[in-house]
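Participant: sequence first, then the predicted structure:
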Amino acid sequence: MAGAFLAMLLPARCLLCGGRSGDGLCPDCHARFFGGGLARCCICANPLAAAEVANDDCCGRCRRQRPAYDATVTAADYALPVDRLVLQLKFGARLAHARLFGTLLAAAWQASGQPSLPQLLCPVPLGPRRLAERGFNQALEIARPLGRALGVPVRARLAQRQQDTPPQSSLDWGQRAANVARAFTLDSEAALYGRHVGLVDDVMSSGATLQALALACKQAGAARVSNLVFARTPPEAHQY
């Protein structure tokens with residue numbers, strides 16, 4: 001049923017190569033860009049070196065300084081041609097892309113071997129001005145089909161940005177953590193104690209935004225925080 005509905009919304013041509021497709025992606029592009037197989041750190045989802053694969057599937061950086069979040073699952077790398085789809089969603093209001101992203105991210109989660117599903121999904125919020133300018137929050141648009149596919153409720157108002165911060169992409173790598181350090185507040189009735197929270201976003205780059213929101217969730221009593229991000233910026237592309 002959900003697949004048939006998605007097919008009505010998406011073009012009959014592959015969004016990446018233009019080939020024939022019934023659900024937005026042809027089999028070749030699906031296998032090439034969303035087929036998984038890349039060994040990733042179980043905490044931050046960066047690619048693992050060969051020596052790290054045998055070391056609890058955790059990268060050296062996360063072993064040295066464990067972040068506030070406990071796991072990250074991603075559907076693809078934020079690189080050509082997938083990055084074009086993200087930009088079309090964010091700046092072109094191609095909302096059907098969000099439904100596809102949610103479906104692909106749900107499949108990535110189910111294939112990831114995570115020990116438990118989140119008990120609720122929290123989309124990363126936009127600041128008031130940016131939300132008014134864009135007219136939608138792409139993280140929420142992805143979270144809705146993701147939640148339906150996984151059977152997990154979405155808490156759209158769980159987190160808020162206290163203020164409009166500069167876009168992370170406009171800042172140097174070292175400035176990003178400070179930019180979002182105190183950006184988020186949580187609903188005073190969130191009742192997160194002992195719960196597993198899933199944070200949903202379109203792209204994870206430095207991880208500073210998700211770190212700040214995960215820390216807020218942990219301070220509110222969350223037992224586990226997992227990131228569910230559609231695309232992960234490769235380490236060599238840290239200018240994003």
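Facilitator: Nice, I can see it.

Participant: residue contacts, the nearest residue to residue 21 once chain neighbours are set aside?
Facilitator: Sequence neighbours aside, residue 14 is the residue nearest to residue 21 in space, at 4.2 Å (criterion: CB to CB, 6 or more residues apart in numbering). Placement of C-beta: from N, CA and C, glycine included. Shown in contact with residue 14 (CB atoms under 8 Å, 6 or more residues apart in numbering): 20, 21, 24, 25, 26, 29.

Participant: give me the element the residue lying closest to residue 17 once chain neighbours are set aside is part of.
Facilitator: Spatial nearest neighbour of residue 17, chain neighbours left out: residue 29 (5.4 Å); criterion: CB to CB, 6+ apart. Taking DSSP states H and E as the definition, residue 29 sits inside helix 27-34.

Participant: quick one: average pLDDT of the following helix or strand past that helix?
Facilitator: Using DSSP H and E, the helix or strand that follows helix 27-34 in sequence is helix 50-53. Averaged across helix 50-53, pLDDT comes to 72.

Participant: need the contact partners of helix 50-53.
Facilitator: For helix 50-53, the external contacting residues (CB under 8 Å, 6+ apart) are 39, 41, 58, 59, 60.

Participant: list the buried ones in that helix?
Facilitator: residue 52 (16 or more other CB atoms under 10 Å).

Participant: now the next helix or strand after it: mean pLDDT?
Facilitator: Sequence order places helix 60-64 as the next helix or strand after helix 50-53, per DSSP H and E. The average pLDDT for helix 60-64 rounds to 91.

Participant: next one: helix 60-64 to chain centre, how far?
Facilitator: In this view, helix 60-64 has its centroid 21 Å away from the chain centroid, taken as CA atoms, centre = their mean, to the nearest Å.

Participant: which other helices and strands does it contact?
Facilitator: If contacts are counted by 3 or more CB pairs under 8 Å, 6 or more residues apart in numbering; DSSP states H and E, helix 60-64 sits against no helix or strand.

Participant: ok so, going back, and the least confident of the contacts of residue 14?
Facilitator: On pLDDT alone, residue 21 ranks lowest of these, at 83.

Participant: neighbours of that residue, how many?
Facilitator: Around residue 21 there are 21 other residues, counting by other CB atoms under 10 Å.

Participant: any idea how far it is from residue 27?
Facilitator: Using CB to CB, to the nearest Å, residue 21 is found at 8 Å from residue 27.
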